[in-house]
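> dropping the sequence and predicted coords here.
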Amino acid sequence: MSTNFNDKYQYNCSDKSIILPYFKQYYVTLYFKLIPHLLTANIITILSTLLVLSMLIGSFFYSGSVWLPLFFAICIHGYVVGDHLDGMQAKETKTGSPLGEFLDHYFDVYNGAVILLVIIRLFGSIDNVWFYLVVWFNFQAFALTMVEELETGQLVFSKIGTLEGLILLIVFLISWCIPVFKTLWSQYSLYGIQAYWIVIIAMTIGYILTMVDIWNRVGKLPSHFIIFALGSGVLSAALFYSKIDQTLGWLILTVYSGEYIGKVMRNYLVRLDIWVIKIDSIVIPLILLLVSMLELLSSGILNYLMIAFSCYWTVKVIIVFTDVFRRLSKHWLWVNPGNLN
């Protein structure tokens, strides 16, 4: 029995990337020829996400190894290629679906956050102010991208966006493997900072330009995004004052932001009008900020409190994810049908 996945759903995206047309036509197609017809687009999405997850695991074992940055570069390359292969496979097999879009872009929320953390860990550590600032901007840019889709019904990617940024990161990681270039990146430049700060500053500027572009196109920001921006900002301040481990702080911001972005995507893809912000999204970050600023708890107890918060918000992420998956589960395929008309 044939199944038509496109009766109602239509992926609406405007990608103005300068590199993308050539990248897909002359490079990704080389890999696409190797993809078996039965392999579903969603499985490709999951496999490319596992590559990014392996980067996160590998980053905890980095101790100056020459080869680990090369491994990171290979993983990002595989992720970038896979991120386009899944769409090409869905189009080729006529199995495009809202579930496929959800998995693709929702996993990207975490993939982008992992890549950012891995790059920072590669440098050893950076000041807490910069760390939470760049992580905060990362999630604002991604959240606003999904908000624009909710408001306008279309995803829009700029001329210089994620693809270009990831390609530059691959080049950077390869250069980090070469001793002479690693030395150059680690040398002090203007204002007494290492040259590799160019990467962090460039990523931050990219996030800001993305937000400005969306602001210009949409013209206004919905109240739920403003509340999320404030809540995540307050949470970032709380993490800064608490002086907890940066990786734990990153995890907390990731699950907090991921829950909001997941709800925005659910409202768009499932056509629901469910509140995306609840009272705990503001109250809990405010409590954490007050506790951290006033040093009301010892550092050990505060760490346990932060861990409890991350667990609580992780559960909320799981609830959102399973709810969307349950509603769209009819689109899940283990293998592609042999004949689609």
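Arrived safely.

> I'd say residue 186 and residue 193 touch.
No: at 10.9 Å, residue 186 and residue 193 do not qualify as touching, with contact defined as Cβ atoms under 8 Å. The way it works is simple: take the backbone N, C-alpha and C, and place the C-beta from them, glycine included.

> and residue 335, how many neighbours does it have?
Neighbour count for residue 335, taken as other Cβ atoms under 10 Å: 11.

> I meant residue 9, not that one.
16.

> helix/strand/coil for it?
When states are read from DSSP: H, G, I helix; E, B strand; the rest coil, the local structure at residue 9 comes out as coil.

> what of the one 5 residues further on?
For residue 14, the secondary-structure state derived from three-state DSSP is strand.

> quick one: residues contacting it.
Under the criterion of Cβ atoms under 8 Å, 6 or more residues apart in numbering, the neighbours of residue 14 are 154, 155, 156, 157.

> 7 Å instead, please
Under the criterion of Cβ atoms under 7 Å, 6 or more residues apart in numbering, the contact partners of residue 14 comprise 154, 156.

> need the pLDDT of it.
Per-residue pLDDT puts residue 14 at 81.

> quick one: average confidence on stretch 294-313?
Averaging pLDDT along stretch 294-313 yields 91.

> please save the CA atoms from it in CSV.
As requested, C-alpha coordinates have been extracted for stretch 294-313 and formatted as CSV (Å, rounded to 0.1, in the frame of the first residue of the first chain):
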residue,chain,number,x,y,z
LEU,A,294,23.1,36.8,48.0
GLU,A,295,25.1,33.6,48.7
LEU,A,296,22.3,32.2,50.8
LEU,A,297,23.6,28.6,50.3
SER,A,298,27.0,27.0,50.5
SER,A,299,28.6,26.2,47.2
GLY,A,300,28.0,22.5,47.7
ILE,A,301,24.3,22.8,48.4
LEU,A,302,24.0,25.3,45.5
ASN,A,303,25.5,22.8,43.1
TYR,A,304,23.0,20.2,44.2
LEU,A,305,20.2,22.8,43.7
MET,A,306,21.5,23.5,40.2
ILE,A,307,21.6,19.8,39.4
ALA,A,308,18.0,19.4,40.7
PHE,A,309,17.0,22.2,38.4
SER,A,310,18.7,20.6,35.4
CYS,A,311,16.9,17.3,36.1
TYR,A,312,13.6,19.1,36.5
TRP,A,313,13.9,20.9,33.2
